[in-house]
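Enquirer: prediction below, plus the sequence it came from.
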Amino acid sequence: MKKQAITFFLILAGFLTSFGQSYPEMVNVVGGTFTMGDTEMEGEKNEQPTHQVTLKTFKIAKTETTVAQWKVFCNATGRSMPQTPSWGWIDSHPIVNVNYGDAVAYCDWLAEKMDADYRLPTEAEWEYAARGGKQSKGTKYSGGRSLDNAGWYDANSGSKTHSVATKNPNELGIYDMSGNVYEWCKDWYGPYSAAAQTNPRGATSGANRVLRGGGWYDSASYCRVADRGSNGPASRDSGSGFRVALSQ
């Protein structure tokens, strides 16, 4: 009986490992209210004014979408891989050189395959998850007070991406929300409002989409949980990728 139980456990563990390699593993983020923006008063003007945001429960990927997961998508849809970065394609690294539309296409494919509402996270969801949700300890980086322990950035990356989930996770068990690669969010980029908001969706239109988290080529300041970036939705960059979210 004990041997059968061990065999079952090994089979289950192998399945979960395989699933995590092929498709994103999701983390539940219990809804709540938090202060969004530059709470430490050391960021850029676009991180102000701070404001209260209330979010309903959602799920977000434990890691950035990996090269291995993107290959599954390409094989299923006939897409070609993006431009190869200088360090080559490594399955455990985050996918890069994908634009906003590429990221949305992956989410749409995954949603159809899994019959679930996979999508990009909103900017507010992204920051709430990066901060650790209801379990937040208030650190400026996602994963701790030391960015060397929490993420890959210009001082420790060696000018390339790294395997996901090799630095410290944050309070929710989510990895690499500070550094490694910037992550596309669902929102158009726009200024903050001081008014309290519930489940905000960002600007109704704009020229750029939101990017969050900082990347391997950035200084520590750009990897803070409050830092805001943006780029044109058609742009592709060796420091930009994404992670998926899932509506409850």
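Expert: That came through fine. On a predicted model such as this, the values are computed, not experimentally measured, just so you know.
Enquirer: and the most centrally placed residue in the chain, helix, strand or coil?
Expert: Note on the chain: the residue nearest the mean C-alpha position is R243, at 4.0 Å, using C-alpha atoms, centre = their mean. Following DSSP: H, G, I helix; E, B strand; the rest coil, we place R243 in the coil state.
Enquirer: contacts for the strand ranked longest in the chain?
Expert: Once the chain is assigned using DSSP state E, the strand that runs over the most residues is strand 182-188. Residues outside strand 182-188 that contact it (C-beta atoms under 8 Å, 6 or more residues apart in numbering) are 64, 98, 100, 103, 119-123, 126, 177, 201-206, 208-215, 229, 237, 239-243. Where you see a C-beta, it was placed from the backbone N, CA and C, and this is true even at glycine.
Enquirer: before we move on, the earlier item: list the contacts of the residue nearest to the centre of the chain.
Expert: P24, I60, A61, T63, E64, T65, P121, E183.
Enquirer: of all the residues you listed, which comes closest to P233?
Expert: E183 (14.0 Å; C-beta to C-beta).
Enquirer: does the closest one have beta-bridge partners, and which?
Expert: For E183, the beta-bridge partners under DSSP bridges are R212, G241.
Enquirer: give the rounded mean pLDDT of stretch 143-157.
Expert: Averaging pLDDT along stretch 143-157 gives 99.
Enquirer: neighbouring contacts of that stretch?
Expert: 139, 141-142, 161-162, 167-170, 175-180, 214-220, 222-223.
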